[in-house]
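*Asks:* Compute the structure for the input listed below.
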Amino acid sequence: NSIHFRLFNKADFALLALGRVERVGIGDSYLIYILPGKKRQIIYVDYCDHRNALSLILTTLTGAQQGVMASEEEIVAVGHRVAHGGEHFRNSAIIDDQTFATIRNLQRLAPLHISYNVAGIEAGRELFPDIPHIAIFDTAFHQTISEHAFIYALPYEWYEQYALRRYGFHGHAHLYLSRRAAALLGKHPAECNLVTIYLDRGVSVCAIRNGISIDTSMGMTPLEGAVMGTRSGDIDPGIVTFEMHRGNLSAREMDSILNQKSGLLGITGKHYDRRRLVQEALSGNERCALALKIETYRLKKYIGSYCAAVGPLDAVVFSHGSGNDDWYVRQLTMEGMDVFGMRLDVEKNKSSALCDQEAIVSTADSPTSIYIIPSDEQLAFAEDVASILSEGCIDHVRHAYTFSQPGYVPNICIDVRDPHD
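*Replies:* Below is the predicted model:
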């Protein structure tokens, strides 16, 4: 129900404006609009569908008071984040009629997300019919995962006939983290073994060997894997059928419970924001403390198992949302990981709690580095778009992204949290 946007200068990828429209298709909609270095603005409207929302964004970007462009003609291309690329898309791609038809057909793998992606693409192509539109797929970075890691132990014909397999998500976030970690380590991405942790309301962990994804915690859908804000993550599949029979629940009702009423919210009964959970846990709230222990224990298990899959690690990277401002989550996750050569500097970790910048929080003698790297996957989106415009294609494994270069200086992390939360 929200549309996020960022406007970049094509020449140097400078961030010009960003924000998001909330409550799209619901009513009482509003735009959070931010110019770097300035106070954010909130613009309220009665109702926005996807086309109205994009029109509102465009009007604001070109407005006399707060605009950063003289006219919409300055926009040379639009990149669209698409939740699922199936096995069809290993990289970002120009949205021609054939590509758009393929995206539509992928709704069977991600019906909720793809339907909104399609609506956004349709609105964008209607408003900007004469410029290229590029699809950036959440799943593409993980298309390097081997068959033994993506096939489920289910009837094989389900994969052959319906493409049911592990796909993984948050791909460009893990791409960004891996390239920034390599730069901080002073290595080429192809020389790096990493575990990257995208920690927000949605959570995913990625095993990266020699710069490419070899496994990831999310599966065919974003429901699998780590404990999340409202998603269960890994559970015994027998619980699903047990509860459906016991409670006479429909598939739609069970899907809602697993995706919207489980995870940290399910355990605590009322909280899923980790900032609030940490505050409550440290104040003696036993249920919140339990939720954090469950979540971080799961993360610890993923890190350990990915060590076995990848081999000796160069670094573990925490990023995004809670990943770069919740020292307590990092501390609980890394407790006892010395056996794997991961030694957290507790004081350094705490001192980095409010710093929205890259930081190393491992001890000086830690064989494996531990980093906090705020994710900027939108910059990766923009660079994919620019590469396709200039070269006609993008290979994210081999592409020399600007943020992978040793001299790159990251954008200051800008808080786009919703003031209504």
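*Asks:* in this protein, which residue is closest to the centre?
*Replies:* His170 (3.7 Å; C-alpha atoms, centre = their mean).
*Asks:* can you tell me the helix or strand for the residue sitting furthest away from the middle of the chain?
*Replies:* What lies farthest from the middle of the chain is Arg246; by C-alpha atoms, centre = their mean that is 35.1 Å. Using DSSP states H and E, Arg246 maps to helix 237-247.
*Asks:* What is that helix packed up against?
*Replies:* Counting contacts by 3 or more C-beta pairs under 8 Å, 6 or more residues apart in numbering; DSSP states H and E, helix 237-247 is packed against helix 251-260. In this view, the C-beta of every residue, glycine as well, is placed from N, C-alpha and C.
*Asks:* the strands in the stretch 251-400 of the chain, which residues?
*Replies:* Along the stretch 251-400 of the chain, the segments classed as strands by DSSP state E, counting those that start in this stretch run 315-319, 359-360, 369-372.
*Asks:* Show residues contacting the first one.
*Replies:* Here strand 315-319 makes contact (C-beta atoms under 8 Å, 6 or more residues apart in numbering) with 173, 177-178, 180-181, 184-185, 192, 194-199, 303, 324, 330, 333-334, 342, 368-375.
*Asks:* follow-up on the earlier one: could you dump the strands of the stretch 251-400 of the chain into CSV and include distance to Asp130 and mean pLDDT?
*Replies:* Output for the strands of the stretch 251-400 of the chain, formatted as CSV (distance: least, C-beta to C-beta, whole Å; pLDDT from 0 to 100):
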stretch, distance to Asp130, mean pLDDT
strand 315-319, 37, 96
strand 359-360, 44, 94
strand 369-372, 42, 96
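*Asks:* In a markdown table, list those along with distance to Asp255 and mean neighbour count.
*Replies:* A markdown table is the format used below for those (distance: least, C-beta to C-beta, whole Å; neighbours: other C-beta atoms under 10 Å):
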| stretch | distance to Asp255 | mean neighbour count |
| --- | --- | --- |
| strand 315-319 | 28 | 27 |
| strand 359-360 | 39 | 18 |
| strand 369-372 | 34 | 23 |
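*Asks:* quick one: His396 and Asp384 touch, right?
*Replies:* Yes: contact criterion C-beta atoms under 8 Å: His396 and Asp384 qualify, at 7.1 Å.
*Asks:* Spit out the residues that contact those two alike.
*Replies:* Shared contacts of His396 and Asp384, defined by C-beta under 8 Å, 6+ apart, comprise Asn91, Ser92, His172.
*Asks:* So which of the residues you listed belong to helices?
*Replies:* Using DSSP state H, the members of the shared contacts of His396 and Asp384 that fall in helices are His172.
*Asks:* Mind putting the shared contacts of His396 and Asp384 into JSON lines with distance to Val317?
*Replies:* Listed next are the shared contacts of His396 and Asp384 as JSON lines, based on distance: C-beta to C-beta, whole Å:
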{"residue": "Asn91", "distance to Val317": "23"}
{"residue": "Ser92", "distance to Val317": "23"}
{"residue": "His172", "distance to Val317": "14"}
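*Asks:* Good, wrapping up.
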